[in-house]
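Q: structure for the following, please:
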Amino acid sequence: MIEKLTFVFILTMIIHTSETLSYAIRFAGVKLNKIAVALSLTGIIVLVSRTANLLQAPLTAKFVDFARSNADFPLIQYMRIILLASSVGTLIAIALFPTFVSVFSRIIAKLEVAGSIPKLISSVTVGQLKNTKYYLRKPAFSLYYFRYLGIPYRLIIMNVFVTAFYTVGVMASLYTAHLLPAFSTTASQASGIINGIATILLTIFIDPQLGLITDKALQHEQYRNQLGKVYVVLMTSRFIGTMLGQFIMIPAAYFIGMVVKLL
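A: Now for the predicted structure:
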């Protein structure tokens with residue numbers, strides 16, 4: 001089972017690294033004043049994330065099935081390790097953020113010439129791939145970043161909780177299936193109960209604020225470079241959210257169990 005855990009750990013890490021790096025695409029689009037083109041590239045990030053998720057979810061469910069027939073199997077420890085992978089993946093994205101802003105800026109510029117993603121991919125040469133080493137940038141962080149563009153503290157706090165809910169949604173539903181074998185099928189499909197709360201918070205409180213901040217940077221050139229610091233703050237809050245997920249996974253599982261019993 002260790003080999004499967006390692007594989008799921010890597011997949012979870014890929015999911016959270018790719019999702020967090022979507023901020024790099026947005027920032028590259030703002031810097032080039034081509035936010036629409038940048039947002040179209042987020043489809044690549046979604047593709048990578050969903051492809052990894054197609055394998056990660058059923059493999060995690062297999063741990064639950066194994067624990068059902070093996071009482072001594074440390075299921076909760078396995079799930080906590082998988083949750084840790086989300087934190088590691090987010091940290092990797094934070095470290096790679098400056099580098100990928102440069103890389104995505106180049107990709108956006110070439111996409112405008114190529115006209116489509118297939119043509120862009122086919123035009124890439126080995127020499128160009130080797131030249132990516134020149135885009136490496138060292139990450140930097142300061143608490144003063146919290147002051148840029150007047151980013152509201154409530155946005156940061158809300159982003160922490162939304163990330164925590166999204167991180168534990170699937171894990172909590174699977175753990176509920178383990179706690180309530182009689183409702184295992186219903187519980188395993190109930191991740192939307194937790195993710196639904198996160199979606200509501202994201203739609204009402206976070207996306208509009210992030211849109212306003214991005215629009216401000218687009219309209220005022222002096223704010224554009226500072227927007228990168230705002231994204232670093234948001235990525236940091238995502239990391240804190242993944243860590244918070246360690247504490248709310250079991251309460252979330254019991255909450256799902258309570259709802260499942262009422263259905």
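Q: how close does Leu201 sit to Ile25?
A: Leu201 sits 23 Å away from Ile25, taking CB to CB, to the nearest Å as the criterion. In this view, the C-beta of every residue, glycine as well, is placed from N, C-alpha and C.
Q: could you do Gly196 as well?
A: Counting by CB to CB, the gap between Gly196 and Ile25 amounts to 26 Å.
Q: who has more neighbours, those two?
A: Counted by other CB atoms under 10 Å, Gly196 and Ile25 do not tie: Ile25 has more neighbours, with 25 against 13.
Q: could you pull up the mean pLDDT of the one helix or strand the more buried one maps to?
A: The secondary structure element spanning Ile25 is helix 22-31 (assigned by DSSP states H and E). Mean pLDDT, helix 22-31: 88.
Q: how about stretch 69-77?
A: When pLDDT is averaged over stretch 69-77, the result is 88.
Q: so who does the residue nearest to Gln246 when sequence neighbours are not counted touch?
A: Counting by CB to CB, 6 or more residues apart in numbering, the nearest residue to Gln246 once its immediate chain neighbours are dropped is Leu83, at 5.6 Å. For Leu83, the contact set (CB atoms under 8 Å, 6 or more residues apart in numbering) comprises 167-168, 171, 242, 245-246, 249.
Q: recalculate using a threshold of 10 Å.
A: Contacts for Leu83 were tallied using CB atoms under 10 Å, 6 or more residues apart in numbering; they are 12, 164, 167-168, 171, 242-243, 245-246, 249.
Q: how near is it to Tyr175?
A: Using CB to CB, we find Leu83 at a distance of 11 Å from Tyr175.
Q: hey, what's in contact with both of these two?
A: Common contacts of Leu83 and Tyr175 (CB under 10 Å, 6+ apart): 168, 249.
Q: what residues of stretch 71-91 count as buried?
A: 73, 75, 78-79, 82-91 (16 or more other CB atoms under 10 Å).
Q: and Gln219, how many neighbours?
A: Around Gln219 sit 9 other residues, with neighbours defined as other CB under 10 Å.
Q: Leu155: which of the buried residues of stretch 71-91 is nearest?
A: Each of these was scored against Leu155 by CB to CB, and Thr90 proved nearest at 17.4 Å.
Q: where along the stretch 51-200 of the chain do the helices fall?
A: With DSSP state H, counting those that start in this stretch as the criterion, the stretch 51-200 of the chain has helices at 75-114, 117-122, 126-130, 153-179, 184-188, 191-201.
Q: tabulate those (a markdown table), appending distance to Tyr223.
A: Listed next are those as a markdown table, based on distance: least, CB to CB, whole Å:
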| stretch | distance to Tyr223 |
| --- | --- |
| helix 75-114 | 16 |
| helix 117-122 | 29 |
| helix 126-130 | 32 |
| helix 153-179 | 16 |
| helix 184-188 | 45 |
| helix 191-201 | 26 |
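Q: between the ones you listed, which one is nearest to Leu234?
A: helix 153-179 (5.8 Å).
Q: next, the buried residues of the closest one.
A: Buried residues in helix 153-179, defined by neighbour count with 16+ other CB under 10 Å: 155-156, 158-179.
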